[in-house]
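> Below are the sequence and a predicted model for it; my questions follow.
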Amino acid sequence: MTTNAYVAFLVIGVALVMLDGLIIYQSGKRYLRGSHGDPAAGASMTWLVTVLFHLATLGVLALLSTVDIGGSDLPGVVGRLGVLLLVLAIAHGITLSVLSRIRGEQEAEAVINRPRQRVEPEQQGTTVAPVPGQEGRFPTASPSIEQHAPYTTP
């Protein structure tokens, strides 16, 4: 492969990696801002994941540029770009799964840290028939038999 084809592959490859990284960063910021976590922390986590994406894919691009694929200039560049696009798709998917995991952890933390409110169970009408002399919607236990109330014996 000639120097022109090599440089063309590197320029196109770097442009693709940077464009994909920009898409991941912008989408990831909005994705993590939509969860219940801290927006500033979500933006910094997205930035760290995006930097990792750039470093990994640019490293693969550098390694891929040294591999001999195809014969002449144009088939070699097209073959390398095809392999690069497949690698970018895999890296993009891995990055999205990392962002998804971060969002899940933020949502779980928000649920755990949410103040708990005690909710009393709502009764649907009277559960037992009230005994004479008991007031209210939820009567207590009836008086004991030893008190002979409210029943009278002959």
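Ah, there it is. Predicted model only: the values in this text are computed from it and were never measured.

> And for residue 86, the neighbour number?
10 (other CB atoms under 10 Å). The way it works is simple: take the backbone N, C-alpha and C, and place the C-beta from them, glycine included.

> any idea which element it lies in?
helix 73-113 (DSSP states H and E).

> next one: residue 29
Assigned by DSSP H and E, residue 29 belongs to helix 3-33.

> avg pLDDT for that helix?
Within the predicted structure, the mean pLDDT of helix 3-33 is 89.

> Same check on stretch 82-101?
Here the average pLDDT along stretch 82-101 is 91.

> Buried ones in the helix holding residue 29, by neighbour count?
Burial within helix 3-33, assessed by neighbour count using 16 or more other CB atoms under 10 Å, is assigned to 5-6, 8-9, 13, 16-17, 20-21, 24-25, 28-29, 31-32.

> roughly how far out does that helix sit from the chain middle?
Put simply, helix 3-33 sits 23 Å off its chain's centre (CA atoms, centre = their mean, to the nearest Å).

> Pull out the buried positions in whichever helix or strand comes after that helix.
Per DSSP H and E, the first helix or strand lying C-terminal to helix 3-33 is helix 39-66. Neighbour-count burial for helix 39-66, counted by 16+ other CB under 10 Å, picks out 42-43, 45-46, 49-50, 53-54, 57, 60-61, 64.
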